[in-house]
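Asks: kindly return the folded structure for what I paste below:
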Amino acid sequence: MRWDELDREACSVARTLAVIGDRWSLLILRDCFLRVRRFEEFEARLRITRHLLADRLKKLVAAGVLVRVAYQERPRRYEYRLTEKGLDLNAVLLAMVHWGDTHMAGESGAPKLYEHRDCGGIFDPTMCCSACGGAVTARNIRILDGPGAASAPAANDG
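Replies: Numbers count the residues shown, from 1 in each chain. Purely as a prediction, here's the structure:
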């Protein structure tokens, strides 16, 4: 599997990695969810080179995860906002938050708390089944081929 061909794999993980599979893209998205929108803000927070930041922002815009919106005319300046497709990545980042809070936070605890605006409760990001509402873990799922699965190569009987 070649890195530049991940978007053509019959695997949703590989296709997702083609869009957000490097540390800078994930950190840019983290900052987007923290309401960072402007190039200079990303640059200052991430301490990333301008060239690399511009490249990752361009890639996320091309993938439809972010959209560039002008906020100033003279000189023309843009901010980067999450699209619906980008907002759907919230679950991915929250899954990473949960893992990091569980396994990497240290004795002082989680660096951020998450409040559910609907009820005001502080919550731990976890997954639940969309059919029954039960907890989803690695131990209670089975993975089946879906309609987009790649066909297995035919066995050679000779």
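Asks: and after the lowest-mean-pLDDT helix or strand in the chain, which helix or strand comes next?
Replies: Every helix and strand in the chain was compared by mean pLDDT, DSSP states H and E; the lowest is helix 12-20, with a mean of 85. Following helix 12-20 in sequence order, the next helix or strand is helix 23-33 (DSSP states H and E).
Asks: quick one, helices of this protein?
Replies: For the chain, the helices defined by DSSP state H occupy 12-20, 23-33, 39-46, 50-62, 84-87, 90-103.
Asks: neighbouring contacts of the third one?
Replies: Applying C-beta atoms under 8 Å, 6 or more residues apart in numbering, the external contacts of helix 39-46 come out as 24, 27-28, 31, 36, 48, 50, 53-54, 57, 77-80. Quick note: C-beta positions are derived from backbone N, CA and C, even for glycine.
Asks: if you set the cut-off to 7 Å instead, what comes out?
Replies: 27-28, 31, 36, 50, 53 (C-beta atoms under 7 Å, 6 or more residues apart in numbering).
Asks: what subset of the residues you listed is buried?
Replies: Listed as buried from the contacts of helix 39-46 are 28, 31, 36, 53; burial here means 16 or more other C-beta atoms under 10 Å.
Asks: nearest to Val69 among the residues you listed?
Replies: Ranked by distance to Val69 (C-beta to C-beta), the buried ones among the contacts of helix 39-46 are led by Val36 at 13.9 Å.
Asks: Leu60 against Leu66, yeah?
Replies: Yes: using C-beta atoms under 7 Å, Leu60 is in contact with Leu66, at 4.4 Å.
Asks: how about a markdown table for the helices of the chain, with distance to Ala150 added?
Replies: Shown next, in a markdown table, are the helices of the chain (distance: least, C-beta to C-beta, whole Å):
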| stretch | distance to Ala150 |
| --- | --- |
| helix 12-20 | 11 |
| helix 23-33 | 26 |
| helix 39-46 | 36 |
| helix 50-62 | 25 |
| helix 84-87 | 24 |
| helix 90-103 | 23 |
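Asks: ok, which of those helices comes nearest Cys119?
Replies: Between the helices of the chain, helix 90-103 lies closest to Cys119; by C-beta to C-beta that is 16.6 Å.
Asks: residues contacting Ile20?
Replies: Applying C-beta under 7 Å, 6+ apart, the residues contacting Ile20 are 26, 29, 89.
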